[in-house]
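Peer 1: below are the sequence and a predicted model for it; my questions follow.
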Amino acid sequence: MPFDNDGVISWELMVERMNSDLANILGNLVNRTISMSNKYFGGVVANKGAGEEVDGDLKAVVLEEVKKVEAKMEQLRVADAITEIFNIFRRCNKYIDETTPWTLAKDEAMKDRLATVLYNLTEAITIGASLLHSFMPKPGRRFWDSFTPGSAVWRRWIALAYTHPAAR
């Protein structure tokens, strides 16, 4: 519920919110990203530098949302901070629609572009999951566990979770 509004809490509304935010927005995003990373690169993604304008937009949105989360938390507006975190995941889902990784995968010449797209998604999800972890540790833990332990993606995610300024 927003900080300055009254709200109604019911079991039905909680289930609806969990299904819409956690399952549809975050769960499907993480599942698609991990599935594509595993399918196309054996779970190891790297930034190949094949960027486009849409990549810069994703990065700008993520970094701006991190600032917004910090500002909301300074005002003790926890629900609003969580909304800002989910804006990162919403933007990631839009990014998938804009970049169509499944189409890139069909063209060998686009392999570097595909790697960059999946890398950008992994980075953005990592930042969002790091922010979300304080509020909901279990979804973050499931995300960590989704990566094959020891893989480059897994090591990168853990390193970011412990060193990224957004995680502090």
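Peer 2: Sure thing, it's come through.

Peer 1: pull the number of nearby residues for E108.
Peer 2: Applying other CB atoms under 10 Å, we find 7 residues neighbouring E108. Glycine gets a C-beta too; all of them are placed from N, C-alpha and C.

Peer 1: with the one 5 residues further on instead?
Peer 2: Under the neighbour criterion other CB under 10 Å, R113 is assigned a count of 20.

Peer 1: mind listing what's buried along the helix or strand where it lies?
Peer 2: Counting by DSSP states H and E, the element that carries R113 is helix 111-133. Of the residues in helix 111-133, those buried by neighbour count under the rule 16 or more other CB atoms under 10 Å are 113-133.

Peer 1: now do it: which elements does it pack against?
Peer 2: helix 28-41, helix 53-74, helix 78-99, helix 101-104, helix 137-146, helix 152-163 (3 or more CB pairs under 8 Å, 6 or more residues apart in numbering; DSSP states H and E).

Peer 1: averaged pLDDT, that helix. What do you get?
Peer 2: Per-region confidence: helix 111-133 scores 92 on mean pLDDT.

Peer 1: do the same with stretch 87-94
Peer 2: When pLDDT is averaged over stretch 87-94, the result is 96.

Peer 1: buried ones in that stretch?
Peer 2: Along stretch 87-94, these residues count as buried under the neighbour rule (16+ other CB under 10 Å): 87-93.

Peer 1: report the central residue of the protein.
Peer 2: With distances taken as CA atoms, centre = their mean, the residue of the chain nearest its centroid is I125 (2.0 Å).

Peer 1: and of the helices and strands packed on helix 111-133, who's closest to E12?
Peer 2: Taking CB to CB as the criterion, E12 comes closest to helix 78-99 out of these, the separation being 18.3 Å.
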